[in-house]
Structures are given as structure tokens and as C-alpha cells.
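>>> show me the folded form of this:
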Amino acid sequence: MRQAESNEGSGYWYPQHGVPTSVDVLNLLRRYRATEGAMRARTRSSMGMGETDLLALRILLQTQRSGELMRQRDLAHALGLASPSVTALVDRLVRSGHVRREPHPDDRRATIVVPTTDTDTEVRATLGAMHRRMIDVIDSMDETERLAVASFLQRMVAAVEQVDEHEEPAPAPVLTA
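Just a heads-up that it's a prediction; the model follows:
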């Protein structure tokens, strides 16, 4: 019977309740990332585009909402891509009707990349309900919970962004017979 008691206490037979462990939290983060990745894949599939194309649209829509202009070279910088790659990307988005090129209002030599109204509508239709559910979850939290979540996520970002210098591997143990 002692074995059953120790199994119960370990959560082997019955889930433990209470404060999640560090591993539990990391597993939840992994599960969220996987779920969010699957949602992005569904979105890309429904819109018929790749990950970088969808990211470019997000950047262009955010830029448009902020009242700023986006030149193709600015988009290249934002995406971390070379100019020829962004030219091909913008060409694809123009052909699919998601963006258009327009003359820059202040620089006759430059053009800007502008998302179409249909693109904004399509993105909102595709992602709107999911974003609403996410906002509802956040809105259901009190100020203390939101502060804790924001602090946690900021600290996780900092931990992941930190670049470690690779240490020399420890020598393998010498086995003796």
C-alpha cells in the first residue's frame, strides 16, 4: 500500500492540483506555441500564402493603421530580407491582390507598398473571432493577473533573447574496466 500512496502523492495516478511547477509552465508555453503555430498554418492555407507573406501583410497593416508609409526597402529591413527577395514577395502579393504599389507622396522616385481594403477585411474575417477570444481572456483577468502575465512574458523574452557563449564541452569520463 505504501507504493500506491507514493504514486498518488506524485501525481502518477491522479493529477496534482495547486501551483504549477516550472516544467508545467514551460509545457503550457510549448502547447500555446504549437496551437498558435497551427492557427497560423490554417490562416496561411486559407489565404493561400506562406509565412513570410503573412508576416509582411501584418507589418503592412500595422504600418497603415499607424498612419505611416512603407517603402519596399523598409519592408525588407523589417523582415530581415534582401531587396530581391522582398521584390519577389511584393510581386506575389500584388498578383494575389493583397497589396498595391503607389507613388510615394513626398518622393517622386520612391513607391510605397499599401495593403488593399480587401486584405484588411480578409485578415479580420480570418482572425477576428480568434483575436476576440484572446482579448476576452485577457479582459477577464484582474490588474494583478495582467501585470504578472506581462512581467512573466517580458522576462521570458529576455531569457530567450540572451545569447549564451558556448562553453567547451566537458571531457568524456574515462571508463576503466
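>>> residue contacts, Gly97?
By Cβ atoms under 8 Å, 6 or more residues apart in numbering, the residues touching Gly97 are 116, 118-119. All C-beta spots, glycine's among them, are computed from the backbone N, C-alpha and C.
>>> check contacts around Arg40.
Contacts of Arg40 (Cβ under 8 Å, 6+ apart): 51, 54.
>>> which strand or helix spans it?
Assessed by DSSP states H and E, Arg40 sits inside helix 22-47.
>>> following that helix, which helix or strand comes up?
Counting by DSSP H and E, what follows helix 22-47 is helix 51-65.
>>> what's the angle from that next one to helix 22-47?
90 degrees (axes from the mean of the first three to the mean of the last three Cα atoms, to 10 degrees).
>>> could you give me the buried positions within helix 51-65?
For helix 51-65, a neighbour-count test (16 or more other Cβ atoms under 10 Å) marks 52-54, 56-57, 59-61, 63-64 as buried.
>>> what is the neighbour count of the closest residue to Glu122 other than its chain neighbours?
Once flanking residues are discounted, Glu122 sits nearest to Met47: 6.5 Å by Cβ to Cβ, 6 or more residues apart in numbering. Neighbour count of Met47, defined by other Cβ atoms under 10 Å: 18.
>>> now do the strands in the protein.
All strands of the chain, identified by DSSP state E, fall at 99-103, 111-115.
>>> and of those, who's closest to Arg30?
Nearest to Arg30, of all these, is strand 111-115, at 32.2 Å by Cβ to Cβ.
>>> other SSEs contacting the closest one?
Contact here means 3 or more Cβ pairs under 8 Å, 6 or more residues apart in numbering; DSSP states H and E; on that basis strand 111-115 packs against helix 51-65, helix 72-79, strand 99-103.
>>> could you export those as JSON lines, including mean pLDDT?
Written out in JSON lines, the entries for those read as follows (pLDDT from 0 to 100):
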{"stretch": "helix 51-65", "mean pLDDT": "93"}
{"stretch": "helix 72-79", "mean pLDDT": "95"}
{"stretch": "strand 99-103", "mean pLDDT": "95"}
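>>> reformat these as a markdown table; add distance to Arg31.
Formatted as a markdown table, these follow (distance: least, Cβ to Cβ, whole Å):
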| stretch | distance to Arg31 |
| --- | --- |
| helix 51-65 | 20 |
| helix 72-79 | 28 |
| strand 99-103 | 34 |
